[in-house]
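[1] Pasting the sequence and the predicted coordinates here, then a few questions.
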Amino acid sequence: AGFPDDSQNHLWALDFDGVLCDTEPESSMSGWRAAARYWPELFAAATPEDEEDVLGKMAKLRPIVETGYENMILARLMFEELAASRRARDIGSRPLTV
C-alpha cells in the first residue's frame, strides 16, 4: 500500500495563447457579443461601425486581458468611450484614446 511512484507521473500545463495561435479575434468578438447580451439597453444603439471601432481597440488592449470575462467589461468600456466621444464632438477629443 501507499502512494504510487510519482517519478513516472508528470503533468505539464502549458499556455500557448499568443504563441501557437492568436485567440484575440475570437476572444474580442466573444466579449462584444457577451456585453451586447448582458447590457442590451446600452448596445441596442450599436452600429456595425461601432463594433469595428471597439474590436480594433480591443485588439490593441489584448495584452492587458488576463481572463476571458474581462473582454466583456473591456467591450463595454470601449463602447461607452465611443458614445462619450460622440457627445463631446464639439470639444474634439476622446475621453480614452488607444
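    Here it is on my side, so go on. None of these values were measured; they are calculated from a predicted model. Residues are numbered from 1 along each chain as shown.

[2] Can you tell me how far the residue nearest the centre of the chain is from residue 50?
    Central residue of the chain (C-alpha atoms, centre = their mean): residue 71, 2.6 Å from the mean position. Relative to residue 50, residue 71 is positioned 16 Å away (C-beta to C-beta, to the nearest Å). The way it works is simple: take the backbone N, C-alpha and C, and place the C-beta from them, glycine included.

[3] repeat for residue 8
    Distance of residue 8 to residue 50, computed by C-beta to C-beta: 55 Å.

[4] Comparing those two, which shows the higher neighbour count?
    With neighbours defined as other C-beta atoms under 10 Å, residue 8 and residue 50 compare such that residue 50 has more, 17 against 6.

[5] any low-confidence regions in this structure?
    1-7, 15-18, 90-98 (pLDDT under 70).

[6] Just give me the longest helix of it.
    helix 69-87 (DSSP state H).
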